[in-house]
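> Have a look; sequence and predicted model below, questions after that.
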Amino acid sequence: MTIRVDALDEECGVRVRDTTSGEQFSLYTDRAVEPTAACTEGFTMPVDAAVAVEASELRMPAFVPPVFWRDGEVVHRAESDAGVERLSRGTYEVDFSPPDAKLYVRVEDAEPAARFPGGRSLIETAAPTRLVLGVRSRHEAPAGTVTTTDDPRDLMAAVSTFGSALKTHSPDRSWPTLRGHPPAIEHGDSLHVPSAVAAPETGVTIKVPPEYGAIYTVAPLAYYLGATVEPGTRPRLVAAGRSRDLPVDALTESVRDVLEHVFALDCAVRTAGVYPFRTALVGALEERVDLNYERLFELPLDERTAAYLDVPRSATAGLLDWHYAADVKADPTYAPVLPYLLDDLALVRSPPRRASEADLTPSPNALQSTDSALARSASTTSTPSSVVVPEDAGTPGHSWVAPGQAVQSSNPTVGSFRRDLSASSADRALDVHVVFNDARLQLGDVSLFDSHPYRETNVRVSKGLSTTELRDALYEDVDYLHFVGHVTDSGMMCPNGPLDTRTLARTGVSAFFLNGCRSYEQGRALLTAGAAAGFVTVDDVADDAARSVGEMTATLLSAGFPLYGILDALELAGTPADRYTILGDGRSGVRRSHSNVSVLHVLDTDAVDAASGAWPVTIRHYPHGRSGIGGMTAYSHTDTPTHVHDGSVRETTLPESELAAFFDDSGIPVLVDGDLHLTDDLSVEQLR
């Protein structure tokens, strides 16, 4: 891994670049600094590189709650100015991690304090002091590849290796940064397990019949528990002499039940470890059951799992909301997708569950509106299109890994999982190409593609590209291409005819949005040609819907949302989201959020309490990648307690003064009465 730390050119501070994962962030100081190489030893947590600077202030351009250690013990955690205190003189290590990396700051022989001016975070000392910045990359990739045959027993051996990716067997593995990527799977003539990814010896076993559906369904639990998967006449979990049946007729539900139970308990018991921070989950759990966290923390994984099974499920019910699920066809062809789904701890249902198959008829608005330029394929594709409607999994995110076009889901391929959508170069800005290929279309607000408050974006706009020009645009290396225009069965329409993307041998486009009627097949061809993910339509769409969807997507992509979070937000806004779907990995996004998490705030101005001036706020969470389930979520402008980061929807209220302070933050998406805005463009006066 290559970590580079350089002084900023025009401001005081440093830029940290991880050239392996393609991420960067800036830190600002109160004076000019020259970073010098420092020793990586002496930090409580492992770091890949370290530099020293001298300053009395280190500022992060985002809200990050610093954690202070002294002699390996946590002594202070600051989340707001109300909790600020100046610590006694000494040497401290501070977890000051932004979304893009793990950053630890060693403050030497000083009296440090944390402050939060304007919703940002800074560490300060009374006088200039030596600050050693230790950086650890969050880059993750499979540590090895397991070769398996189509024999279900060989697949069991492959799934048994997934727990080798866990960086600890303690409850701390509930932190997303301590769960590594499971080994990759490929098909071959014989089973081969590299020694580097051999199945861990945890003493935990899951027994299921040697059938693909059962193996796929228990895979998330096997990964998180580091369990081996073995043939058995009936499904059950065995740990330290304790056995829990997993009813075969409700295997998906029972696996989810156990996974949510042990995960929630780990999120509480881990407070006995390095990070002793209470969350709302801990408080709620302690109202239901009395547990000895210290004893449980020290137990081996199998004995701890057995002890967890003795805790009634009612103690953890409702404490967590899972974020992602996937329907996977019970076929050996789909085995290679498992490691990528489990990297984000997605639940698996196999065989897939579909609520129905629907025929989407052409939109009356698209067909009849007199000024509807986006009735752009109605004349040639007026027959209904058949789509799959998956059964609701009770999660905001969902993937369909089976035949058929699924709506309101991600439709990935094995190849798309292997492409890292967010790994744009740290040394350049994000490249966005917006193509308007119908002169009758109104030019949308392309500035929304460049709305991230701290990351640079190069936005290029083209109009009326010919087939040759559009082909060249699809060959170019571009992070995101947004196409608005006619799409027919023949291809993407240009002034001189259609360009059929199925004729492309390759594409340099990483992510895309084909905002034209029935663009699924053309988008699928881009995925096959090398793209990682994109939005497409499965039916006709009208002008007004297409424009609003395009602008919402641009805003949320720039804010760092995963694709599945955008699809969920579209539905919340009342747009016809059933006509849009995702190709590729729906958990990915084109850039990182400037905060630690992807969160959507929802305001309903009709619900404001006029007497008290209290504003009800709904907060929706979309865990993904490095900000996965199990992290911590803190809020800078509300008294909402710190929560475990999950797929939950939380209700709170903000007094008017705090709402005004919240709007002073930059680049945070807020849905107000169904319309998406950024905090930069909002004020309390507007909403009265």
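Happy to help now that I have it. Numbers count the residues shown, from 1 in each chain.
> Which of the three states applies to residue 629?
Secondary structure for residue 629, judged by DSSP: H, G, I helix; E, B strand; the rest coil, is coil.
> Quick check: nearest residue in space to it, chain neighbours excluded?
Excluding the flanking residues, the one nearest residue 629 by CB to CB, 6 or more residues apart in numbering is residue 623, at 4.5 Å. For the C-beta atoms, the positions are set from N, CA and C on the backbone; glycine is no exception.
> same deal with residue 26?
residue 15 (4.9 Å).
> Which residues are in contact with residue 624?
By CB atoms under 8 Å, 6 or more residues apart in numbering, the contact set of residue 624 is 323, 324, 344, 397, 562, 564, 565, 587, 588, 589, 598.
> If we use 7 Å, what do you get?
344, 562, 587, 598 (CB atoms under 7 Å, 6 or more residues apart in numbering).
> Also residue 357?
Residue 357 touches 386, 388, 389, counting by CB under 7 Å, 6+ apart.
> Where does pLDDT dip in the stretch 1-150 of the chain?
Low-confidence segments of the stretch 1-150 of the chain (pLDDT under 70): 1-2, 19-23, 81-84, 99-101, 137-140.
> returning to that earlier point: surely the residue nearest to residue 26 meets residue 28?
No - under the criterion of CB atoms under 7 Å, residue 15 makes no contact with residue 28, lying 10.2 Å away.
> returning to that earlier point: for the contacts of residue 624, pick the one with the most neighbours.
Sorting the contacts of residue 624 by how many neighbours each has (other CB atoms under 10 Å) puts residue 562 first, at 33 neighbours.
> Can you give me the separation between the residue nearest to that residue when sequence neighbours are not counted and residue 645?
Ranked by CB to CB, 6+ apart and with sequence neighbours excluded, the top spatial neighbour of residue 562 is residue 624, at 4.1 Å. Relative to residue 645, residue 624 is positioned 10 Å away (CB to CB, to the nearest Å).
> Same check on residue 490?
45 Å.
> Comparing these two, which residue is more hemmed in?
residue 645 (27 against 14).
> Quick one: residues contacting the more buried one.
Residue 645 sits next to 597, 621, 623, 627, 629, 630, 631, 632, 633 when contact means CB under 7 Å, 6+ apart.
> Neighbours of residue 688, how many?
When counting by other CB under 10 Å, one arrives at 9 neighbours for residue 688.
> Show me which residues of the longest strand seen in the chain are buried.
The single longest strand within the chain, with elements called by DSSP state E, is strand 121-136. Neighbour-count burial for strand 121-136, counted by 16 or more other CB atoms under 10 Å, picks out 121-125, 128-136.
> Distance to residue 658 added to these, as CSV?
Formatted as CSV, the buried residues of strand 121-136 follow (distance: CB to CB, whole Å):
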residue, distance to residue 658
121, 18
122, 20
123, 24
124, 24
125, 29
128, 34
129, 34
130, 37
131, 32
132, 36
133, 32
134, 34
135, 34
136, 34
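> who's in contact with stretch 329-347?
So stretch 329-347 is contacted by 142, 148, 150, 155, 159, 162, 181-186, 212-213, 216, 219-220, 223-224, 256, 322, 324-326, 328, 348, 350-352, 393, 399, 401-402, 412, 414, 417, 587, 624, 628-629 (CB under 7 Å, 6+ apart).
> which of those are buried?
Buried among those by 16+ other CB under 10 Å: 142, 148, 155, 159, 162, 181-185, 212-213, 216, 219-220, 223-224, 256, 322, 324-326, 328, 348, 350-352, 393, 399, 401-402, 412, 414, 417, 587, 624, 628-629.
> how far away is residue 394 from residue 648?
Taken as CB to CB, the span from residue 394 to residue 648 is 12 Å.
> And these two? Which one has more around it.
Each of residue 394 and residue 648 has its neighbours counted (other CB under 10 Å); residue 648 has more, 20 against 12.
> Can you tell me the closest non-neighbouring residue to the more buried one?
Nearest to residue 648 is residue 321, by CB to CB, 6+ apart, at 4.0 Å.
> circling back: return the residues in contact with the residue nearest to residue 629.
Here residue 623 is in contact with 323, 629, 645, 646, 647 (CB under 7 Å, 6+ apart).
> ranges for the strands of the stretch 451-600 of the chain?
Taking DSSP state E, counting those that start in this stretch to define them, one finds strands in the stretch 451-600 of the chain at 457-463, 478-484, 487-488, 491-494, 497-499, 509-515, 533-537, 580-584, 599-603.
> Given the shortest one, what are its sheet partners and their directions?
Pairing partners of strand 487-488, with direction, according to DSSP bridges: strand 491-494 (antiparallel).
> And the average pLDDT for the strand it pairs with is what?
Computed over strand 491-494, the mean pLDDT rounds to 94.
> With just CA atoms, put it into CSV.
Backbone C-alpha positions of strand 491-494 (Å, rounded to 0.1, in the frame of the first residue of the first chain) are rendered in CSV as follows:
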residue,chain,number,x,y,z
GLY,A,491,-29.7,1.5,-29.4
MET,A,492,-28.9,5.0,-28.0
MET,A,493,-30.3,7.5,-30.5
CYS,A,494,-28.0,10.0,-32.2
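> so how many other residues sit close to the closest residue to residue 166 other than its chain neighbours?
Counting by CB to CB, 6+ apart, residue 173 is the residue found nearest to residue 166 once chain neighbours are left out, at 5.1 Å. Look at residue 173: counted by other CB under 10 Å, it has 24 neighbours.
> Then residue 110?
Applying other CB under 10 Å, I find that residue 110 has 22 neighbouring residues.
> what about it, distance to residue 188?
Residue 110 is 57 Å from residue 188, where distance means CB to CB.
> on that earlier part again, return the set of residues that bridge with the residue nearest to residue 562.
In beta-bridge terms (that is, DSSP bridges), residue 624 pairs with residue 627.
> do the same with residue 494
residue 497.
> residue contacts, it?
437, 465, 466, 467, 470.
> wait, doesn't the third one sit right on residue 493?
Right, residue 466. No - using CB under 7 Å, residue 466 is not in contact with residue 493, being 11.0 Å away.
> now stretch 7-23: how far from the chain's centre is it?
Using CA atoms, centre = their mean, to the nearest Å, the mean C-alpha position of stretch 7-23 is found 23 Å from that of the whole chain.
> in this structure, which helix has the most residues?
Using DSSP state H to define each element, the chain has its longest helix at helix 251-269.
> Would you mind listing the residues in contact with residue 168?
residue 178.
> Flag every buried residue along stretch 477-495.
Judged by neighbour count using 16+ other CB under 10 Å, the buried positions of stretch 477-495 are 478-488, 491-494.
> Mind jotting down where the strands sit in the stretch 301-450 of the chain?
So, for the stretch 301-450 of the chain - with DSSP E, counting those that start in this stretch - the strands run 324-328, 347-349, 354-360, 385-390, 397-401, 410-411, 430-436.
> Residue 673: which of those strands is closest?
Residue 673 sits nearest to strand 397-401 of all those, at 24.9 Å, using CB to CB.
> Mind giving me the packing neighbours of that closest one?
strand 324-328, strand 385-390, strand 410-411 (3 or more CB pairs under 7 Å, 6 or more residues apart in numbering; DSSP states H and E).
> Which SSE is immediately downstream of whichever helix or strand residue 229 is part of?
Using DSSP states H and E, residue 229 maps to strand 228-231. Counting by DSSP H and E, the next helix or strand C-terminal to strand 228-231 is strand 236-239.
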